[in-house]
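Engineer: Build the 3D model from these lines:
(one chain, ligands or ions: 1)
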Amino acid sequence: MVDRLKLAVLISGRGTNMQALIDACAAADYPAEIVVVLSNEPDAAGLARANEAGIEALVVPHRDYDGREGFEAAVTAALAERGVELIALAGFMRLLTAGFVERWRDRLINIHPSLLPAFKGLDTHERALAAGVRFAGCTVHFVRTEMDSGPIIVQAAVPIGPDDHAASLAARVLEQEHVIYPLAVRLIAEGRVGIEDELVTVDGAAAAGATINPTA
Ligand code: GAR
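Structural biologist: A predicted model of the protein is given here:
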């Protein structure tokens, strides 16, 4: 088998995106493997999922460290020790310092539940509904020092219906998160993703038509 890209998944909570990556990696022809799941929260439900899949589940509790630097140094040491080549943040709810982001520059990606650069931060679905936008969605992007910013790799747009509320929208967006995160990791692992002037290029990608809302 060809060498698979060594992936670390960083979580803080339930870990459904991590699970989507675990499921993708289970396919023999998927070009990445998860070498470690790391959580800053000892009680993260995702840790049990990782254990069940036979993947090392490591806890680095941020509360055990005086500052962000100490915590991040421990994370970096654990990942470097395992030969990690790409870090996927999957509901990892700690802000990262510039030092960490630069240490892993272009090897650190995140998934966010909005069509960035719209709706950075929390409560994305509530804010999308309040703004009356017709499309919500999700984004996988390379991480830069400013929160929820950085070159965009993949997005999925999810139309907002008249009866949507935050929970219904979140559920439909989450379904798409589970599609685009494995896709983004695959594109990177296949060496098809480049960054030019802080914009992502994807080898062999074609433009789609239009998606218009409402659908009726
Ligand atoms: C996901 O919706 C992810 O996009 C979001 O947290 C959720 C984690 O769910 N991330 C952020 O808001 C980061 N800014 P999961 O633990 O089930 O994957």
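Engineer: Please make it C-alpha for all contacts and neighbour counts, starting now.
Structural biologist: Will do.
Engineer: Leu187 versus Asp43, what's the distance?
Structural biologist: 32 Å (C-alpha to C-alpha, to the nearest Å).
Engineer: Tell me which of those two has more neighbours.
Structural biologist: When Asp43 and Leu187 are compared on other C-alpha atoms under 10 Å, the one with more neighbours turns out to be Leu187, at 18 against 14.
Engineer: Assign that one to helix, strand or coil.
Structural biologist: helix (DSSP: H, G, I helix; E, B strand; the rest coil).
Engineer: Identify the residue nearest it in space, chain neighbours excluded?
Structural biologist: Nearest residue to Leu187, sequence neighbours excluded (C-alpha to C-alpha, 6 or more residues apart in numbering): Val193, at 6.1 Å.
Engineer: surely that neighbour meets Thr201?
Structural biologist: Yes. Using C-alpha atoms under 8 Å, Val193 makes contact with Thr201 at a distance of 5.7 Å.
Engineer: anything in contact with each of these two?
Structural biologist: Common contacts of Val193 and Thr201 (C-alpha atoms under 8 Å, 6 or more residues apart in numbering): Ile153.
Engineer: Residues of this structure that sit close to the ligand?
Structural biologist: Residues of the chain lying close to the ligand by C-alpha under 6 Å from any ligand atom are 13-18, 90-91, 111-113, 121-122, 174.
Engineer: any weak-confidence spans in this structure?
Structural biologist: Low-confidence segments of the chain, defined by pLDDT under 70: 1-2.
Engineer: What ranges does it have for its strands?
Structural biologist: Using DSSP state E, the strands of the chain run over 5-11, 32-39, 57-59, 86-89, 108-112, 135-142, 152-159, 193-196, 199-202.
Engineer: Dump those strands to CSV, plus mean neighbour count.
Structural biologist: As requested, those are exported to CSV (neighbours: other C-alpha atoms under 10 Å):
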stretch, mean neighbour count
strand 5-11, 24
strand 32-39, 24
strand 57-59, 19
strand 86-89, 24
strand 108-112, 24
strand 135-142, 25
strand 152-159, 21
strand 193-196, 14
strand 199-202, 15
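Engineer: All good on my end, thank you.
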